[in-house]
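Participant: sequence first, then the predicted structure, then my questions.
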Amino acid sequence: MASVGLFYVGAVLFINGLMLLGYVEPKAAAILNLFVGTLQVVTPTYLIFTANGDTSTILQASGLYLFGFTYLYVGIGLLAGLDSTGVGWFSLFVAIGALGFSALNFTQLANQPFGVIWLYWALLWTLFFVLLGLKRERLTRYTGWVALIEGWVTAAVPGFLLLAGLWQNRTLTAVVLGIVGVVMVVALLPTLRGAGPRHAEEAPEPTPRPTAPEPEPAPDRPLTRT
Ligand SMILES: NC(N)=O
């Protein structure tokens with residue numbers, strides 16, 4: 001059931017990435033955040049209520065709230081025009097929590113690929129913290145690209161493969177994910193040079209040149225004396 005939510009997390013990260021890059025209007029992106037945020041709160045609640053006290057199920061489901069609350073916070077914040085510092089600092093909490101879930105996946109859950117995927121999420125939520133909580137807008141395009149890529153690499157594709165029964169929980173999967181992550185972090189560094197989203201890079205409207213004032217119309221004078 002969590003794989004269904006994971007697949008749609010791919011959609012919301014893709015849309016949020018495009019929003020940060022200036023291709024999707026913030027209020028239009030807010031709606032999908034509300035849909036996926038609701039899904040990522042309902043899903044773990046159902047899993048926990050039906051877990052019959054199974055600690056492993058409860059543990060894995062509990063992490064989903066980190067993201068469900070983020071997407072709801074983003075969606076409501078965008079629609080209400082709230083300042084971004086609340087969700088920004090909450091993202092720091094999520095990033096730290098994600099490191100813990102990564103460690104648990106590497107150790108207790110013996111799930112190396114998801115150990116790496118939780119590290120990707122720790123990175124992205126750290127970027128959200130710096131961008132939205134500390135307002136370092138130079139990171140806008142970098143964060144947008146990381147969100148967009150992570151939408152596919154950590155959510156849509158793994159979610160789809162899990163649903164289809166084709167996901168390989170192997171060390172090789174973790175190694176490939178790790179290499180892709182390092183390449184992503186380095187290859188996107190040039191995006192830090194730009195000022196911000198697409199709109200910010202467009203050439204500014206030329207300032208109209210000051211023009212000489214129109215001469216006052218001459219008072220009506222008879223052309224000929226009578
Ligand atoms: N699972 C996430 N990143 O929503």
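Facilitator: Looks like it came in fine.
Participant: what does the chain put close to the ligand?
Facilitator: Residues of the chain found near the ligand (CB under 6 Å from any ligand atom) are 9, 67, 121. For every residue, glycine as well, the C-beta is placed using N, CA and C.
Participant: can you name the residues that contact the first one?
Facilitator: In other words, residue 9. With contacts defined as CB atoms under 8 Å, 6 or more residues apart in numbering, the neighbours of residue 9 are 36, 40, 67, 151, 155, 156, 159.
Participant: state the mean pLDDT of the helix or strand where residue 96 lies.
Facilitator: With elements delineated by DSSP states H and E, residue 96 resides in helix 85-106, which encompasses its position. On average, the pLDDT along helix 85-106 is 98.
Participant: got phi/psi on residue 63?
Facilitator: phi -70, psi -20 (degrees, to the nearest 10).
Participant: and the helices in the chain?
Facilitator: 2-20, 26-49, 55-62, 64-80, 85-106, 112-128, 140-150, 157-164, 171-187, 198-201 (DSSP state H).
Participant: still on that earlier bit, who wins for neighbours among the contacts of residue 9?
Facilitator: The residue in the contacts of residue 9 with the most neighbours, by other CB atoms under 10 Å, is residue 36 (27 neighbours).
Participant: what's near enough to touch it?
Facilitator: Neighbouring residues of residue 36 by CB under 8 Å, 6+ apart: 5, 8, 9, 11, 12, 71.
Participant: which intervals of this structure have sub-threshold pLDDT?
Facilitator: Along the chain, the model assigns pLDDT under 70 to residues 194-226.
Participant: for the ligand, give me its nearest residue in it.
Facilitator: The ligand sits closest to residue 67 of the chain, with a gap of 3.1 Å, by CB to the nearest ligand atom.
Participant: identify the residue spatially nearest to that residue, adjacent ones excluded.
Facilitator: With CB to CB, 6 or more residues apart in numbering as the criterion, residue 67 has its nearest non-adjacent residue at 5.2 Å, and that residue is residue 40.
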